[in-house]
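J.: Sequence and predicted structure are below.
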Amino acid sequence: DAGVIQSPRHEVTEMGQEVTLRCKPISGHDYLFWYRQTMMRGLELLIYFNNNVPIDDSGMPEDRFSAKMPNASFSTLKIQPSEPRDSAVYFCASSFSFWDQETQYFGPGTRLLVL
Amino acid sequence: AQTVTQSQPEMSVQEAETVTLSCTYDTSENNYYLFWYKQPPSRQMILVIRQEAYKQQNATENRFSVNFQKAAKSFSLKISDSQLGDTAMYFCAFMKLYSGAGSYQLTFGKGTKLSVIP
């Protein structure tokens, strides 16, 4: 299994630009999670999906952030417009509800730098 | 809301020695899981070990074991025979289960940076 795949691995952009982060969960997994990691706040959950439906987006910092999951094998996290304080590592994780659902498998992360 | 506290920002251990990382958590839930994740310099988050709250027996995975004290809400990680590849950030995490808001979400501690010295 290829594991959770995220792209791009690194992104540098200028303030005000739109940023789109992508995630492909492990095949067959029906939960997908987006996390953000910063020095100040540590690892925090932004949003998660079950069977492509957003379940809890209370961690999304503000309206500039949006996430979609159009099908079981793809999700995006979009920031528009981006700001320097959005600079962080963004992780996607997935899990499988029928067994071992408690274990989330993480992707390699996308390191975002907003100038 | 659940909170996870790791009181040791940094630790070091000599190669081949044993080290214990501390974690405490606060919750009113009875059904939950606890995890230790490892994050090496590559930034990948790697599951080290997990513990089901309903199990009294402490989980073990090769050189890694936990000391789970449910009443004290303590969940420490012991690494035996430390290896250079164990150098990483270690995160303790809590997951509420089964129903209601916050189910299946991981709440992380701030992490402990472990350095294994040759």
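T.: Everything's here; your move.
J.: confidence score at B:Val66?
T.: If you check B:Val66, the pLDDT there is 97.
J.: For chain B, which element, helix or strand, carries the lowest mean pLDDT?
T.: Lowest on mean pLDDT, DSSP states H and E among the helices and strands of chain B sits strand B:106-108, with a mean of 91.
J.: so how far is that strand off the chain centroid?
T.: Averaging C-alpha positions (Cα atoms, centre = their mean, to the nearest Å) puts strand B:106-108 11 Å from its chain's average.
J.: how about whichever helix or strand comes after it: buried residues?
T.: The first helix or strand that comes after strand B:106-108 along the chain, using DSSP states H and E, is strand B:112-117. Residues of strand B:112-117 classed as buried under the neighbour-count rule (16 or more other Cβ atoms under 10 Å in any protein chain shown) are B:112, B:114, B:116. Quick note: C-beta positions are derived from backbone N, CA and C, even for glycine.
J.: Okay, the most centrally placed residue in chain A and B:Cys92: tell me how far apart.
T.: With distances taken as Cα atoms, centre = their mean, chain A has A:Trp34 as the residue nearest its mean C-alpha position (3.2 Å). Taking Cβ to Cβ, to the nearest Å as the measure, A:Trp34 falls 21 Å from B:Cys92.
J.: per-residue confidence at B:Gly100?
T.: Looking at B:Gly100, its pLDDT stands at 58.
J.: go on, the one 4 residues further on?
T.: For B:Tyr104, the model assigns a pLDDT of 73.
J.: residues contacting it?
T.: When contacts are counted by Cβ atoms under 8 Å, 6 or more residues apart in numbering or on different chains, B:Tyr104 touches A:31, A:48, A:95, A:101-102, B:95-97.
J.: same question, A:Arg64
T.: A:79-83, A:86.
J.: Do I have it right that B:Ser76 meets B:Cys23?
T.: Yes. With contact defined as Cβ atoms under 8 Å, B:Ser76 reaches B:Cys23; the gap is 6.1 Å.
J.: More neighbours: those two, which one.
T.: Between B:Ser76 and B:Cys23, B:Cys23 has the larger neighbour count (other Cβ atoms under 10 Å in any protein chain shown), namely 27 against 17.
J.: Neighbours of B:Thr3, how many?
T.: B:Thr3 has 11 neighbours, counted by other Cβ under 10 Å.
J.: OK, contacts around the residue nearest to it when sequence neighbours are not counted?
T.: Ranked by Cβ to Cβ, 6 or more residues apart in numbering or on different chains and with sequence neighbours excluded, the top spatial neighbour of B:Thr3 is B:Asp26, at 4.7 Å. Contacts for B:Asp26 (Cβ under 8 Å, 6+ apart) come out as B:2-3, B:5, B:73.
J.: Single out whichever of those has the smallest pLDDT.
T.: On pLDDT alone, B:Gln2 ranks lowest of the contacts of B:Asp26, at 82.
J.: right, and B:Val66 touches B:Ser76 too?
T.: Yes. Between B:Val66 and B:Ser76 there is a contact under Cβ under 8 Å: 6.5 Å.
J.: ok, B:Lys73 - how many residues close by?
T.: Neighbour tally, B:Lys73, other Cβ under 10 Å: 16.
J.: again, but for A:Thr20
T.: Other residues within reach of A:Thr20, judged by other Cβ under 10 Å, total 14.
J.: So it, which state does it fall into?
T.: At A:Thr20, secondary structure determined by DSSP: H, G, I helix; E, B strand; the rest coil is strand.
J.: got a list of what it touches?
T.: Taking Cβ under 8 Å, 6+ apart, we find A:Thr20 in contact with A:76-78.
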